[in-house]
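> Sharing a model prediction with you, sequence too.
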Amino acid sequence: MRYFSCWAAAALQLVHHLGPATAAAVHHHGNHTGRIAPKAFIISMFEPETDGWTTNMVESGTGNLSDIKIDVPGLSMLYPQVQCTADQSVCQLTAGESEINAAASIMALVLSPKFDLRQTYFVVGGIAGVNPKYSTLGGVVLSRYVIQVALQYELDVREKPDNFSTGYFAYGTKGPNQYPKTLYGTEVFEVNEALRDVAYGFAQKANLADSAAGAEYRAKYKKAGALYAAATKGPSVVKCDTATSDVYYSGTLLSEAFETVTRVWTNGTGEYCMTAQEDNAVLEVLVRGAIQGLVDFGRVIVMRTGSDFDRPPPNVTSYQHLMTDQNGFEIATTNLGRAGVQIIRGILQGWEQGFQKGIKPTNYIGDIFGSLGGQPNFGPGSKTNGTGYAAAPKQTRAQMRTRGYRGPSVVQRRI
């Protein structure tokens, strides 16, 4: 989730969730195990995103997510239930905003005995800040990479060395624009590019919403010329990558710094165009679930829609920009559902023709450690020599536990 000016409306919706006790759990059989086995699972972060999905699911005739509600221990206290369509083919949960909430909720889901998620497609879908170089308010983005850009040292820019381009620099390094020498494992994730491209094709069928108010704000970027040409156009579907940061940053300097981080950490292949708060946390849980055979990481789709620009147009300060309602929130939540429903429908309608078996990845998928096997084309390479953690020899696992993944570190404090 990323939005500032509509915080009051979101707060009122939050109060609604704190009202009467939730309905009792509903148990339905999804397969021979007695567990619900959805074909698609939507992951939202807060209620306005959820509403975008539920409204468009009903309007498109795809199903009503309110038909079945299941209490799941460990979900957010604000959003304690998973909801599913009557035939159990599609389910949805609201994880809660920020990395900690997202990780806790998705771990509760993955470990729940009420679900069989081994063939489930996960659509991680929310609104986000958008890079005006790539997309616009209401624009839809499908990502191959998600990058935890703020997992770094930070100096206040007023105290940084004169030769530093930013106050952020990677762990274990002495300055910006270097690859981290100390890795935590959540810095970069790569999802199934072939599946992303199929989802992109489905999403392009959506009739995307726009508004005169949104068009008025995006017109301010025309003064920047070709650099921000994408910002001045109406909503469309594009392919580029998502940054994760719990810090809601705004401004040209920070945004350009994280563009560079994205390029460096993906070895020049990533293109930063969306900024959100949860995706790396969600994908870390799904990687851990995949190691245990509980989910298939090759069935993950990451989609974001632009609710606000990450940097101001010409002649507007970063503070003014942040404090202004850019009029992207409503069309972003609407288009999240409109594009997302096309992806869901594509999966359901093509289940027997290929989705049940799965879309075979043509690229590396997984985390920066190579935890699921294969060799990442970013970072220092697989820590398990390509086998993946589950198949790694006991000696390799022991070395991983005793040494961790830390290279020589310049700063040892808090590491």
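That came in fine, so what should we check first?
> so what's residue 201 up against?
Residues near residue 201 by Cβ atoms under 8 Å, 6 or more residues apart in numbering: residue 346. Any C-beta I mention is one placed from the backbone N, CA and C, and that applies to glycine too.
> Distance from stretch 174-184 to the middle of the chain?
Centre-to-centre, stretch 174-184 and its host chain are 23 Å apart (Cα atoms, centre = their mean, to the nearest Å).
> Stretch 355-363 now?
Mean-position distance between stretch 355-363 and its chain equals 20 Å (Cα atoms, centre = their mean).
> send the alpha carbons of that stretch over as CSV?
Only the C-alpha atoms of stretch 355-363 are listed here, as CSV (Å, rounded to 0.1, in the frame of the first residue of the first chain):
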residue,chain,number,x,y,z
PHE,A,355,-2.4,-23.5,-15.6
GLN,A,356,-3.1,-26.6,-13.6
LYS,A,357,0.3,-28.0,-14.8
GLY,A,358,2.0,-24.7,-14.4
ILE,A,359,3.8,-22.2,-16.6
LYS,A,360,7.4,-23.3,-16.7
PRO,A,361,9.9,-20.6,-15.8
THR,A,362,12.5,-19.7,-18.4
ASN,A,363,14.4,-17.6,-16.0
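> Can you tell me what sits against it?
Under Cβ under 8 Å, 6+ apart, the answer for stretch 355-363 is 39, 119, 121, 144, 190, 192-195, 198, 296, 298-299, 347, 377.
> repeat that for 10 Å
With contacts defined as Cβ atoms under 10 Å, 6 or more residues apart in numbering, stretch 355-363 is touched by 39-40, 119, 121, 144, 190-199, 269, 296-299, 346-351, 354, 374, 377.
> Walk me through the regions of the stretch 51-200 of the chain where pLDDT falls short of the threshold, as ranges.
The stretch 51-200 of the chain contains no residues with pLDDT under 70.
> Tell me which stretches of it form strands.
With DSSP state E, counting those that start in this stretch as the criterion, the stretch 51-200 of the chain has strands at 68-71, 81-84, 90-94, 121-130, 140-143, 145-147, 153-154, 168-169, 188-190.
> can you check the stretch 201-350 of the chain too?
237-239, 241-244, 272-276, 300-309.
> Could you point out which of these sits nearest residue 87?
Smallest distance to residue 87 across those (Cβ to Cβ): 20.8 Å, for strand 300-309.
> Show me which positions of that closest one end up buried.
300, 301, 302, 303, 304, 305, 306, 307, 308, 309 (16 or more other Cβ atoms under 10 Å).
> Show me how far stretch 101-112 is from its chain's centre.
Taking Cα atoms, centre = their mean, one finds the center of stretch 101-112 at 15 Å from the center of the full chain.
> meant to ask about stretch 333-347, not that
Distance of stretch 333-347 from the chain centroid (Cα atoms, centre = their mean) equals 15 Å.
> Return the distance of stretch 95-106 from the chain's centre.
That offset, for stretch 95-106, works out to 11 Å (Cα atoms, centre = their mean).
> Only the C-alpha atoms, please, for it, written as PDB.
C-alpha atoms of stretch 95-106 as PDB (Å, rounded to 0.1, in the frame of the first residue of the first chain):
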ATOM      1  CA  ALA A  95      -2.400  -8.800   5.000                       C
ATOM      2  CA  GLY A  96      -2.100  -5.400   6.700                       C
ATOM      3  CA  GLU A  97       0.300  -2.700   5.700                       C
ATOM      4  CA  SER A  98       4.100  -2.700   6.000                       C
ATOM      5  CA  GLU A  99       6.700  -5.500   5.800                       C
ATOM      6  CA  ILE A 100       6.100  -6.900   9.300                       C
ATOM      7  CA  ASN A 101       2.400  -7.200   9.000                       C
ATOM      8  CA  ALA A 102       2.600  -8.700   5.500                       C
ATOM      9  CA  ALA A 103       5.200 -11.300   6.600                       C
ATOM     10  CA  ALA A 104       3.200 -12.300   9.700                       C
ATOM     11  CA  SER A 105      -0.100 -12.700   7.800                       C
ATOM     12  CA  ILE A 106       1.300 -14.600   4.800                       C
END
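> Show me what counts as buried in that stretch.
Neighbour count says stretch 95-106 has 95, 96, 97, 98, 99, 101, 102, 103, 104, 105, 106 buried, by 16+ other Cβ under 10 Å.
> For residue 276, see how far away the first one is.
So the one you mean is residue 95. 12 Å (Cβ to Cβ, to the nearest Å).
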